[in-house]
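K.L.:
please work out how this folds:
(chains A and B)
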Amino acid sequence: EDQVTQSPEALRLQEGESSSLNCSYTVSGLRGLFWYRQDPGKGPEFLFTLYSAGEEKEKERLKATLTKKESFLHITAPKPEDSATYLCAALDTDKLIFGTGTRLQVFP
Amino acid sequence: GAGVSQSPSNKVTEKGKDVELRCDPISGHTALYWYRQSLGQGLEFLIYFQGNSAPDKSGLPSDRFSAERTGGSVSTLTIQRTQQEDSAVYLCASSSQGSQPQHFGDGTRLSIL
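P.N.:
Residues are numbered from 1 along each chain as shown, chains lettered A, B, ... in the order given. Next up, the predicted model:
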């Protein structure tokens, strides 16, 4: 069965304390791996797409990487405004299969 | 508008009533998706439209759920004879083609009393 698993479920960081979020997937017909950010009461906001193992994408303090079995979202020197839920999703044929997300809290 | 628009933003209704949820995708996007997000759970795929056709309805939880899309644009998700387990946030997304990023609206929060 196709599945996406994210860890940890929740992460508390001090401002400036770098860390990584993990997304492992078992999707037979993977067409892409997507990262989204979701703030309370809002829809997911697109961050990155990764299409092949070894690919990396960067945006400000965030960097996403992809292997054949997992993806990582690295957060460098986070700020309080980076606090949100980060969702990973695998594109299977025509639909996204989502993980349950990592709730990130960054404290000043 | 520039983004995906959903209405209403909130809907409270009594068990057994029918509800209609609307989605206006980004202009020019041919692919449209409906997802459901329940408390403490991940987003769950419901249905996918390419143009006005729905090649994948595999995620619709029961025959009480239906959706249509007209003019390759606006889509409506209808839930008949609502049940309390239908309470969730219903999210709509659109993309320019299947493998491109899906862009989401802010959803309709549906509460069944």
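K.L.:
what residues does chain A put near chain B?
P.N.:
With CB under 8 Å from any CB of the partner chain as the criterion, chain A comes near chain B at residues A:4, A:31-32, A:34, A:36, A:41-46, A:49, A:51, A:87, A:89, A:91, A:93-101. Glycine gets a C-beta too; all of them are placed from N, C-alpha and C.
K.L.:
at 7 Å instead, please
P.N.:
A:31-32, A:34, A:42-44, A:46, A:49, A:91, A:94-96, A:98-101 (CB under 7 Å from any CB of the partner chain).
K.L.:
compare those and tell me which is most surrounded.
P.N.:
Within the residues of chain A next to chain B, neighbour counts (other CB atoms under 10 Å in any protein chain shown) peak at A:Pro44, which reaches 30 neighbours.
K.L.:
need the contact list for it.
P.N.:
Going by CB atoms under 7 Å, 6 or more residues apart in numbering or on different chains, A:Pro44 touches A:36, A:38, A:87, B:104.
K.L.:
residue numbers of chain B in contact with chain A?
P.N.:
Selection of chain B residues close to chain A by CB under 7 Å from any CB yields B:33, B:41-43, B:45, B:48, B:55-56, B:91, B:98-99, B:101-107.
K.L.:
quick one: buried ones out of these?
P.N.:
In these, burial by neighbour count holds for B:33, B:42-43, B:45, B:48, B:56, B:91, B:98, B:101-107, counting by 16 or more other CB atoms under 10 Å in any protein chain shown.
K.L.:
strands - which of the residues you listed land there?
P.N.:
The members of those that map onto strands under DSSP state E are B:33, B:43, B:45, B:48, B:56, B:91, B:103-104.
K.L.:
what's the most distant pair in those residues?
P.N.:
Maximum pairwise distance among those (CB to CB): 18.7 Å, between B:Asp56 and B:His103.
K.L.:
least confident secondary structure element in chain A?
P.N.:
Counting by mean pLDDT, DSSP states H and E, the weakest-scoring helix or strand in chain A turns out to be strand A:95-98, with a mean of 92.
K.L.:
so what's the residue in chain A positioned nearest to chain B up against?
P.N.:
Proximity to chain B, evaluated over chain A using CB to the nearest CB, is greatest for A:Gly43 at 3.5 Å. When contacts are counted by CB under 7 Å, 6+ apart, A:Gly43 touches B:91, B:104-107.
K.L.:
likewise for B:Asp18?
P.N.:
Shown in contact with B:Asp18 (CB under 7 Å, 6+ apart): B:78-81.
K.L.:
check B:Leu113 too.
P.N.:
If a contact means CB under 7 Å, 6+ apart, then B:Leu113 has B:12, B:14-15 as its contacts.
K.L.:
next one: phi and psi at A:Thr65?
P.N.:
Here is the backbone geometry of A:Thr65 (degrees, to the nearest 10): phi -130, psi 160.
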